[in-house]
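1. Build me a model from this:
(one chain, ligands or ions: 2)
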Amino acid sequence: MKNGNSKTILYLDCFSGISGDMFLGAMLDLGLDKEEFLSELTKLPLHDYEVEIKKALKGGITGTDVMVKTHEHHPHRGLKQIYEIIDNSKLKSDVKQKSKEAFYKLAEAEGKVHGKPPEEIHFHEVGAVDSIVDIVGSCILMDMLNPAAVYASPVNVGSGTVNCAHGILPVPAPATIELLKGVPVYAAEESGEFTTPTGALLLTIFVDEFGSMPLGIPEKSGYGLGKAERKSPNVLRAVLLKEYCNTGDIHTNDLEKDKIAILEANIDDMNPELYEEAIESLFQKGALDVFLTPIIMKKTRPGIKITCLCPPDKKQHLAEAMLRETATLGVRELVSDRIKLFREIEEINTPLGNLRVKIAKIGDEIIRTTPEYEDMKCLAKNNKMPLLKAYEIVNQFLAR
Ligand SMILES: O=C([S-])c1cc(C(=O)S)c[n+]([C@@H]2O[C@H](COP(=O)(O)O)[C@@H](O)[C@H]2O)c1
Ligand code: NI
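-> Ligands and ions are numbered 1, 2, ... in the order given. Model (predicted):
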């Protein structure tokens with residue numbers, strides 16, 4: 001979904017927890033187009049609901065209050081029904097994929113809590129129209145914002161108990177704490193359900209890293225209002241930060257910066273004939289690069305390290321593909337900073353014919369100009385000469 005707006009980082013400040021409507025409110029409060037959001041939502045084949053978006057005050061802070069109103073009572077949808085709703089929509093395919101990934105994670109967490117496989121889970125509150133709108137709507141807004149990376153603070157989950165379709169549950173609710181495994185959480189002094197399962201789910205699908213606010217220049221902030229009245233401001237704060245570069249010799253402002261996910265697995269028991277298919281499939285699913293490295297594993301076994309580079313928002317999907325399509329039982333993941341040269345493709349006329357070249361730059365300085373390999377193959381063929389000779393002629397032409 002995001003690959004992204006390379007200069008923008010989204011930071012979610014969860015000092016008062018997070019819920020689905022707080023997230024929608026915070027994103028809209030950043031200034032995302034309300035009409036576009038509502039029009040995207042109408043692509044879902046759901047009717048019996050209304051989304052009310054209004055500016056309001058909470059704990060002395062102005063923000064956006066989003067309320068999804070529905071007349072639905074006690075729905076019992078499972079993953080299959082929810083996937084059907086999403087698949088039957090006219091939403092962008094990235095939004096569909098992210099929304100389905102979200103519901104699968106929710107079903108996994110619910111399944112863990114209720115002792116069932118994800119496919120057999122019947123959601124109660126979290127499967128209702130308002131939750132579908134919260135989750136799909138969040139994916140729509142994230143797609144509209146398209147930040148390069150998403151960070152979040154440690155999460156205030158709250159404490160006490162909550163009364164819901166299951167009866168009385170401890171806070172954080174079992175599904176919430178299941179979803180937040182691996183995430184830094186705490187409960188502040190005030191009790192209440194600060195983070196809901198939907199809020200926890202949104203953090204797990206969108207956030208690349210948890211911690212304090214990263215280095216950057218704040219450009220915008222938005223507040224999504226929670227419903228409960230609390231002593232402390234019941235808001236989720238979203239901050240948009242522009243990357244701040246101050247790293248010495250090279251003028252990093254002239255370079256492109258983004259994040260890249262690195263997925264890796266060491267394999268010593270796979271039929272080597274199968275790698276070609278697996279690599280092809282990873283590229284089809286959005287990998288930027290896939291490569292194999294020979295390694296020596298435990299018991300001196302020769303093995304292969306498969307590495308897949310991809311945009312961070314595709315890492316879940318691609319890690320799953322690696323698990324399904326190679327013999328590995330686990331995939332390591334790392335989201336790394338990446339510094340890139342600016343690149344543009346230009347078509348030029350050479351003595352051998354027209355050719356696309358990749359021009360790599362730092363600011364306005366051209367660092368190198370590289371002929372496109374596939375075009376070079378065609379030129380060599382058309383001019384009935386070896387590729388090596390064609391490169392010699394073209395490189396001489398480019399150097400003049
Ligand atoms: O709908 C279900 S199955 C459900 C499960 C759980 C578990 O922790 S298990 C908790 N809840 C409670 O429902 C409300 C609504 O949650 P949203 O995420 O839709 O806002 C909330 O109080 C949950 O704790 C529901
Ligand atoms: Ni439940």
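
2. any chance you could map the strands in the stretch 251-400 of the chain?
-> Using DSSP state E, counting those that start in this stretch, the strands of the stretch 251-400 of the chain run over residues 256-267, 289-297, 301-310, 332-340, 342-350, 353-362, 365-371.

3. Point to the helix or strand of the chain where mean pLDDT is at its lowest.
-> strand 5-13 (a mean of 82; mean pLDDT, DSSP states H and E).

4. any idea of the angle that one forms with strand 332-340?
-> 130 degrees (axes from the mean of the first three to the mean of the last three Cα atoms, to 10 degrees).

5. quick one: Met67 and Ser281, what's the gap?
-> 43 Å (Cβ to Cβ, to the nearest Å). For the C-beta atoms, the positions are set from N, CA and C on the backbone; glycine is no exception.

6. Ok, Ile9 next?
-> In terms of Cβ to Cβ, Ile9 sits 31 Å off from Ser281.

7. what do you get for Gly363?
-> Taken as Cβ to Cβ, the span from Gly363 to Ser281 is 38 Å.

8. Which one's more surrounded, those two?
-> Taking other Cβ atoms under 10 Å, Gly363 and Ser281 do not tie; Ser281 has more neighbours (17 against 9).

9. contacting residues for the more buried one?
-> Ala321, Glu325 (Cβ atoms under 8 Å, 6 or more residues apart in numbering).

10. what distance separates the start and the end of stretch 317-332?
-> One end of stretch 317-332 sits 14 Å from the other (Cα to Cα, to the nearest Å).

11. Report the mean confidence score over it.
-> Averaged over stretch 317-332, pLDDT sits at 96.

12. Nearest residue to whichever residue of the stretch 301-400 of the chain sits closest to ligand 1 in space, please, no chain neighbours.
-> Per Cβ to the nearest ligand atom, Gln316 is where the stretch 301-400 of the chain lies closest to ligand 1, at 20.2 Å. Spatial nearest neighbour of Gln316, chain neighbours left out: Glu101 (5.9 Å); criterion: Cβ to Cβ, 6 or more residues apart in numbering.

13. Output the contacting helices and strands for the helix or strand encompassing the one you found.
-> Using DSSP states H and E, Glu101 maps to helix 93-114. Applying 3 or more Cβ pairs under 8 Å, 6 or more residues apart in numbering; DSSP states H and E, we find helix 93-114 packed against helix 79-87, helix 129-145, helix 174-179, helix 197-206, helix 315-325.

14. Just send the ones you listed back as a markdown table, with mean neighbour count too.
-> What follows is the helices and strands packed on helix 93-114, written out as a markdown table (neighbours: other Cβ atoms under 10 Å):
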| stretch | mean neighbour count |
| --- | --- |
| helix 79-87 | 16 |
| helix 129-145 | 24 |
| helix 174-179 | 23 |
| helix 197-206 | 25 |
| helix 315-325 | 19 |
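
15. Please tell me how far Glu108 sits from Leu179.
-> 9 Å.

16. I should have written Lys242 there, sorry.
-> Lys242 is 30 Å from Leu179, by Cβ to Cβ.

17. Ala109 now?
-> Counting by Cβ to Cβ - Ala109 and Leu179 are separated by 5 Å.

18. which neighbours do these two share?
-> By Cβ under 8 Å, 6+ apart, the residues touching both Ala109 and Leu179 are Pro197, Leu201.

19. tally of neighbours for Glu277?
-> 11.

20. List the contacts of it.
-> Contacts of Glu277 by Cβ under 8 Å, 6+ apart are Glu325.

21. Buried ones in stretch 281-293, by neighbour count?
-> Ser281, Leu282, Lys285, Gly286, Ala287, Leu288, Val290 (16 or more other Cβ atoms under 10 Å).

22. which intervals of this structure have sub-threshold pLDDT?
-> Residue ranges of the chain with pLDDT under 70: 1-6, 73-74, 126-127, 245-254.

23. hmm, 80 instead?
-> For the chain, the stretches flagged by pLDDT under 80 are 1-7, 72-76, 124-127, 243-256.
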